[in-house]
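>>> Sequence unavailable; structure follows:
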């Protein structure tokens, strides 16, 4: 049975202070607090720019043993260059994040919603550029990637390079399309994301009931864990309104221990 690491998409939200983090927590303390409750996090800022050396050093130094980061590939590669003529940026990004060493979980290649399977040639060439020492996952948003015979070509190509297909609960592609791929993993590692419509404006508490969806995902995990070595999963605030609660709810559903936020008030500080 594989390892499962569940976390959230980001950790630095003002609305979490008082609701998840102890009231009065400073911004500089939030990552340290987060790492006491979850063992992985997805970083969104790398989508907008290659992380600075200072950021990498800070993330590395503040992560306890066993804690990992997943990073988004820069949008310059995926959305601006659309996977073409981007080798230089890819090399720069990979060289920078290698400093995370064993604190690096995976890199998410989030494709634009309007990048369809008609861009197969660019996609195939780009996948061939990915270094083998870093684990990647691809998030498809255009449904054309999931229909036959395209999905067969996708599975074959990504299996060759051991690149995962990101399994996503979101608005772009229905979860059923991903569930059909559970017995066709393309990598020893799996990557799961829980998204939601971006119509929420504050994130201090759960506002949407997703029990049915989470139960389906919990059942899917029973199947997935028998076919891969490690699963990383990340919740968005938009999924239910408060991603730490969503992550903890799901951890309970799959039988993992949960560290409640209240414990941070009584435990001795680590910083």
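Happy to help now that I have it. Treat the numbers as computed from the prediction; the structure is a model and nothing was measured.
>>> drop to CA atoms for contacts and neighbour counts, all remaining ones
OK.
>>> burial measure for the nearest residue to residue 158 once chain neighbours are set aside, as a count.
Leaving aside its chain neighbours, residue 158 sits nearest to residue 186 (5.7 Å; criterion: C-alpha to C-alpha, 6 or more residues apart in numbering). For residue 186, the count of nearby residues is 23 (other C-alpha atoms under 10 Å).
>>> you'd agree residue 186 is in a strand?
No - assessed with DSSP: H, G, I helix; E, B strand; the rest coil, residue 186 is coil; it does not lie in a strand.
>>> thinking it is in contact with residue 162, fair?
Yes - at 5.6 Å, residue 186 and residue 162 qualify as touching, with contact defined as C-alpha atoms under 8 Å.
>>> what about residue 109, helix or strand, and which?
Per DSSP states H and E: residue 109 is located in strand 104-110.
>>> Give me the distance between residue 11 and residue 164.
24 Å (C-alpha to C-alpha, to the nearest Å).
>>> Compare those two and say which is more crowded by neighbours.
residue 164 (26 against 20).
>>> what's around the residue lying closest to the more buried one once chain neighbours are set aside, how many residues?
Computed as C-alpha to C-alpha, 6+ apart, the closest residue to residue 164 that is not its neighbour in sequence is residue 137, at 4.3 Å. By other C-alpha under 10 Å, 25 other residues sit near residue 137.
>>> Before we go further, residue 137 is sitting in a helix, right?
No - remark: residue 137 does not belong to a helix; assigned using three-state DSSP, it is strand.
>>> Bridge partners for it, pull those for me.
Beta-bridge partners for residue 137, by DSSP bridges, are residue 108, residue 164.
>>> Name the SS class of the spatially closest residue to residue 259 that is not a sequence neighbour, please.
Of all residues not flanking residue 259 in the chain, residue 37 sits nearest, at 5.4 Å (C-alpha to C-alpha, 6+ apart). The three-state label given to residue 37 by three-state DSSP is coil.
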